[in-house]
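K.L.:
pasting the structure only:
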């Protein structure tokens, strides 16, 4: 954060988009090491970065944080228990931060995308049948575009047109999570 503040004067936006997993595997096969992997890279990193950026944003009069969750967390998905748990932990931290930091004019939101990210490309490569099944469940019958679909929403949430949006979870998934 010090480097960002030195380079740009302050920090007005933060996007937390890190996660790690070695799933899919059945819940009974997930080890504590598997769970720790997801938690260390996802919720712990998001937590530490949010704590680190808070003083800068508060001093600057506010800012916006966008954390990436997952429909796998909000709705559940067999064989993705550790991943789902880590993503829901990020969502929980985000809700608390939104409630506590609103007075500092810091907005905190979660997006749950289903887009052609590098992780989704690997999923498609290693378990193509599961990937195809998921695509068939999307009402729009396609996977989102990382830049046009997800990037546009992130840009909006970070920008000045979204100054009264905080504490929200927004699914950007072609409708697959519409009943969660």
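P.N.:
In hand now; what should we look at? The structure presented is a predicted model; accordingly, all values stated were derived computationally and were not measured.
K.L.:
Summarise which helices and strands the longest helix along the chain is packed against.
P.N.:
The residue-count maximum for a helix in the chain (DSSP state H) belongs to helix 81-101. If you count contacts as 3 or more Cβ pairs under 8 Å, 6 or more residues apart in numbering; DSSP states H and E, helix 81-101 packs onto helix 32-39, helix 45-60, strand 63-68, helix 71-75, strand 106-113. Backbone N, C-alpha and C define where each C-beta goes, glycine included.
K.L.:
chain center to the fourth one: distance?
P.N.:
Put plainly, it is helix 71-75. 11 Å (Cα atoms, centre = their mean, to the nearest Å).
K.L.:
what's next to it, contact-wise?
P.N.:
77, 80, 83-88, 91, 112, 114, 169, 171, 173, 176-177, 180 (Cβ atoms under 8 Å, 6 or more residues apart in numbering).
K.L.:
Now list the buried members of the residues you listed.
P.N.:
77, 80, 83-88, 91, 112, 114, 169, 171, 173, 176-177 (16 or more other Cβ atoms under 10 Å).
K.L.:
Nearest to residue 39, out of those residues: which one, please.
P.N.:
Comparing those against residue 39 with Cβ to Cβ places residue 86 closest, at 5.4 Å.
K.L.:
which intervals of this protein have sub-threshold pLDDT?
P.N.:
Scanning the chain with the threshold set as pLDDT under 70 gives 179-180.
K.L.:
same thing but 90
P.N.:
By pLDDT under 90, the weakly predicted segments of the chain are 1-2, 5, 24, 77, 119, 122-123, 126-127, 130, 134, 176-180.
K.L.:
for the nearest residue to residue 13 once chain neighbours are set aside, what are its contacts?
P.N.:
Counting by Cβ to Cβ, 6 or more residues apart in numbering, residue 13 lies nearest to residue 158, which is 4.2 Å off, once chain neighbours are set aside. Contacts of residue 158 were listed using Cβ under 8 Å, 6+ apart, and they are 12-13, 15, 64, 66.
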